[in-house]
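>>> no sequence on this one, just coordinates:
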Ligand SMILES: [Zn+2]
């Protein structure tokens, strides 16, 4: 009887474990990542590689192999092909970097497009050390694993009719292949196997950034997207990061030429003034002051034009000192969703990855997307 009660209890528990989808399976769930875009040639190498053409016929090629863009197609070992597929038993090297899964190479507008189709769980192990360090506290690494899985699955659903689901750059998530996998990254992925962040039973858009500099940002203040779980929250945790403060000095001529190239009419830039700020402290609008006019520009657009790595965030002061504009700011990134350096500090203070995630994505819960 006691055994029956325990079994019944386990069944009830299993029924209440939240699941998003019964159809998904961790052994087969893949993601398609654009690992190279716009390059003129790539060098493919590896052991036991099998190459096929777009029609599916097996190609007799020797490796290492140079693939080049040729007219509207590819030039591969003296043959002209519309596309190329490479299957490996383990890893395939592209320009010296190792990738798991299957590679597809296509001609694109500006050169070559190389797509890696890889098991999502394996992709996540390689991703961890591109985005953060696996040496961070384990709960922060697990939070990153769940966020990256959530982000990838959301993009896969919304881009299911496209050739690939994810960029391998900061425009989606940074991914540099399998060479920097390690046991701690693998552990964080394994211990959160199949888990995603959900809101009202749906996978969320799990945006994240490096450091928020004191307060995360509501999504509609950065993009035309308003969702209940991407609200700004206070985060003093990342302020202990030495690199949270930044300074940049730029000449008025340099700034004016970048703005003009982006279509803003500024001649003889005399001053840059903060017109308004959001409650988070980030700038909403800047006034660009020239001799004959004032041009108002959203700070988000200004950052994009000058460069995301130059103006690291839109939370800054700007002063004209000795013929140069000096920007002094806090934080790195758009500020929406999880703050990576804040998550690290929260993990060091003893918070679990679930607590970290529910803090940066209010009203959400961690659920299982697939459990195999
Ligand atoms: Zn923060």
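Arrived safely. These numbers were taken from a predicted model, which means no experiment stands behind them. Numbering: from 1, shown residues only.
>>> Verify the stated contact: residue 36 with residue 108.
No - the criterion here is CB atoms under 8 Å, and residue 36 misses it with residue 108 at 9.8 Å. C-beta coordinates here come from the backbone N, C-alpha and C atoms, glycine included.
>>> neighbour-wise, which of the two wins?
Counted by other CB atoms under 10 Å, residue 36 and residue 108 do not tie: residue 36 has more neighbours, with 19 against 16.
>>> Tell me the secondary structure of residue 175, please.
Counting by DSSP: H, G, I helix; E, B strand; the rest coil, the backbone at residue 175 sits in coil.
>>> Hmm, it is touching residue 33, no?
Yes - counting by CB under 8 Å, residue 175 does reach residue 33; the two are 5.7 Å apart.
>>> Could you look up the SS state of whichever residue of the stretch 1-150 of the chain sits closest to the ion?
At 12.3 Å from the ion, residue 140 is the closest residue in the stretch 1-150 of the chain, using CB to the ion. Judged by three-state DSSP, the three-state class of residue 140 is helix.
>>> For the protein, which segments are assigned as helices?
Listed in chain order, the helices of the chain (DSSP state H) span 2-16, 120-131, 138-158, 183-191, 252-261, 299-306, 340-348, 353-360.
>>> Just send the ones you listed back as a markdown table, with mean pLDDT and mean neighbour count too.
Formatted as a markdown table, those follow (pLDDT from 0 to 100; neighbours: other CB atoms under 10 Å):
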| stretch | mean pLDDT | mean neighbour count |
| --- | --- | --- |
| helix 2-16 | 46 | 9 |
| helix 120-131 | 96 | 23 |
| helix 138-158 | 97 | 24 |
| helix 183-191 | 97 | 18 |
| helix 252-261 | 95 | 16 |
| helix 299-306 | 97 | 19 |
| helix 340-348 | 97 | 24 |
| helix 353-360 | 98 | 22 |
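>>> Can you lay out the ones you listed as TSV showing distance to residue 165?
Converted to TSV, these look like this (distance: least, CB to CB, whole Å):
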stretch	distance to residue 165
helix 2-16	31
helix 120-131	10
helix 138-158	4
helix 183-191	18
helix 252-261	31
helix 299-306	23
helix 340-348	22
helix 353-360	22
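>>> of all those helices, which lies closest to residue 293?
Between residue 293 and the helices of the chain, the shortest gap by CB to CB is with helix 252-261, which sits at 12.6 Å.
>>> which other helices and strands contact the closest one?
Packing partners of helix 252-261 (3 or more CB pairs under 8 Å, 6 or more residues apart in numbering; DSSP states H and E): helix 299-306, strand 324-330.
>>> Of all the ones you listed, which one is nearest the ion?
Closest among the helices and strands packed on helix 252-261, using CB to the ion: strand 324-330, at 9.4 Å.
>>> Point out the residues in the stretch 201-350 of the chain that sit beside the ion.
By the rule CB under 5 Å from the ion, the part of the stretch 201-350 of the chain lying against the ion is 212, 235, 238, 339, 342.
>>> If I follow the layout properly, the first one ends up in contact with residue 235?
Yes - with contact defined as CB under 8 Å, residue 212 and residue 235 form a contacting pair (5.1 Å).
>>> quick one, which of those two is more surrounded?
More crowded of residue 212 and residue 235, by other CB under 10 Å: residue 212, with 36 against 25.
>>> Tell me which residues touch the more buried one, please.
By CB atoms under 8 Å, 6 or more residues apart in numbering, the residues touching residue 212 are 235, 238, 331, 333, 335, 339, 342.
>>> In this model residue 278 seems to touch the fifth one, though I could be wrong.
In this case it means residue 335. No - using CB under 8 Å, residue 335 makes no contact with residue 278, being 9.6 Å away.
>>> Give the intersection of the neighbour lists for the two.
Applying CB under 8 Å, 6+ apart, one finds that residue 335 and residue 278 are jointly contacted by 217, 232.
>>> Compare those two (neighbour count), which wins?
residue 335 (30 against 19).
>>> Tell me which residues touch that one, please.
209, 212-213, 215-217, 222, 232, 280, 282, 313-315.
>>> So which of those residues wins on neighbours?
Within the contacts of residue 335, neighbour counts (other CB under 10 Å) peak at residue 212, which reaches 36 neighbours.
>>> what's it sitting at in phi/psi?
Recorded main-chain torsions at residue 212 are phi -90, psi -20, according to degrees, to the nearest 10.
>>> which residue packs closest to residue 230, ignoring adjacent ones?
residue 219 (3.7 Å; CB to CB, 6 or more residues apart in numbering).
>>> Touching, residue 281 and residue 214? I think so.
Yes - the criterion here is CB under 8 Å, and residue 281 meets it with residue 214 at 6.5 Å.
>>> Return every residue with contacts to both of the two.
Common contact partners of residue 281 and residue 214 (CB under 8 Å, 6+ apart): residue 315.
>>> rewinding a little: return every residue with contacts to both of residue 212 and residue 235.
With contacts taken as CB under 8 Å, 6+ apart, residue 212 and residue 235 have 339, 342 as neighbours in common.
>>> Excluding chain neighbours, what is closest to residue 185?
Here the residue nearest residue 185, using CB to CB, 6+ apart, is residue 128, at 3.7 Å.
>>> close enough to count as contact, that neighbour and residue 190?
No - using CB under 8 Å, residue 128 is not in contact with residue 190; the gap is 11.8 Å.
>>> Out of the contacts of residue 335, list just those in strands.
209, 215 (DSSP state E).
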